[in-house]
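1. 3D model of this:
(one chain, ligands or ions: 1)
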Amino acid sequence: MPVTLQITRALPADAQVIAEMSRRLVEFGLPWTWTPARVARHLQHPQSLVLAVRTNGTSNPMLVAFAIMHFGDDIAHLNLLGVDSRWQRRGLGRRLVAWLEKSALTAGTFSLCLEVRARNPVALLFYRELGFTETGRVPRYYSGREDALRLMKDLRHPLARSWPELETGAWSAGVDPDPAGGPSAAEWLASHFKKQEPQR
Ligand SMILES: CC(C)(COP(=O)(O)OP(=O)(O)OC[C@H]1O[C@@H](n2cnc3c(N)ncnc32)[C@H](O)[C@@H]1OP(=O)(O)O)[C@@H](O)C(=O)NCCC(=O)NCCS
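-> Next up, the predicted model:
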């Protein structure tokens, strides 16, 4: 059966799965701070965007990747990103970050920042490949135990926008294309994140 993948906003019911994936993929060896309750708070927060990638076209649809970003006034903070190990290296992470970048620009936010475990070479390679640059080291950032590297990306630079095609939220997992497609990314983002014009 053809498998397609779809990016959507995560649902309240996804909090548990996202928190468990975070513990397994991101927080392994550290205290579990991204608990279901914390993820649920972001799911409800008007300035947070929680995205999920799901498989379609299988008898058992699964959430295979997620991202959590929080919008500040000038900077958006990418809190968490994880791709199930069986689904890594297929472009899911790249697409999630592209959605987040497009969301930030739509919201009028031009910088993305994040922290990554200093001992996470794969994540560092990934973010460098996507145009992030290192801006510093934060000692003992993770539960007082492990350093973080802080990374930034300026979305105003035209070369920063090496996005894959995002006109639909659905794409093929390398089997068959999904002719039905998904919701328009542009429409979805505009309705959720476009800043109000100031009143005159
Ligand atoms: C980091 C992570 C999110 C990347 O997601 P992904 O879907 O596997 O990444 P993509 O397939 O979109 O890769 C995009 C590019 O990043 C680089 N990259 C990704 N994984 C890599 C790896 N294991 N080794 C070297 N480069 C890698 C490559 O340049 C890749 O492009 P290419 O496949 O065309 O060569 C994923 O490995 C993951 O979830 N890791 C565990 C959790 C984590 O570390 N999260 C980030 C910190 S919160």
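
2. how close does residue 99 get to residue 141?
-> 26 Å (CB to CB, to the nearest Å). The C-beta positions use only the backbone N, C-alpha and C, and glycine is treated the same way.

3. that should have said residue 94, apologies.
-> 25 Å.

4. same question for residue 109.
-> 23 Å.

5. more neighbours: the two, which one.
-> residue 109 (20 against 17; other CB atoms under 10 Å).

6. quick one, what contacts the more buried one?
-> 71-72, 74-76, 155 (CB atoms under 8 Å, 6 or more residues apart in numbering).

7. make it 7 Å
-> By CB atoms under 7 Å, 6 or more residues apart in numbering, the residues touching residue 109 are 71, 74-76.

8. count the neighbours of the nearest residue to residue 101 once chain neighbours are set aside for me.
-> Spatial nearest neighbour of residue 101, excluding adjacent residues (CB to CB, 6 or more residues apart in numbering): residue 155 at 5.7 Å. By the criterion of other CB under 10 Å, residue 155 has 18 neighbours.

9. can you check residue 56 too?
-> 17.

10. name whatever forms a beta bridge with it.
-> residue 4 (DSSP bridges).

11. state the distance from it to residue 6.
-> 6 Å.

12. same check, this time on residue 109
-> 25 Å.

13. do the same with residue 141
-> For residue 141, the distance to residue 6 - CB to CB - is 33 Å.

14. okay, buried residues for the host helix or strand of residue 123 please.
-> Using DSSP states H and E, residue 123 sits within helix 121-129. Going by neighbour count (16 or more other CB atoms under 10 Å), the buried part of helix 121-129 is 123-124, 126-127.

15. which bits of this structure sit near the ligand?
-> Contact residues, the chain versus the ligand (CB under 6 Å from any ligand atom): 25-26, 80-83, 88-94, 116, 120, 122-123, 125-126, 129.

16. out of those, which end up buried?
-> 25-26, 80-83, 88, 91-93, 116, 123, 126.

17. and those, which of them are in strands?
-> Counting by DSSP state E, those place 80-83, 116 in strands.
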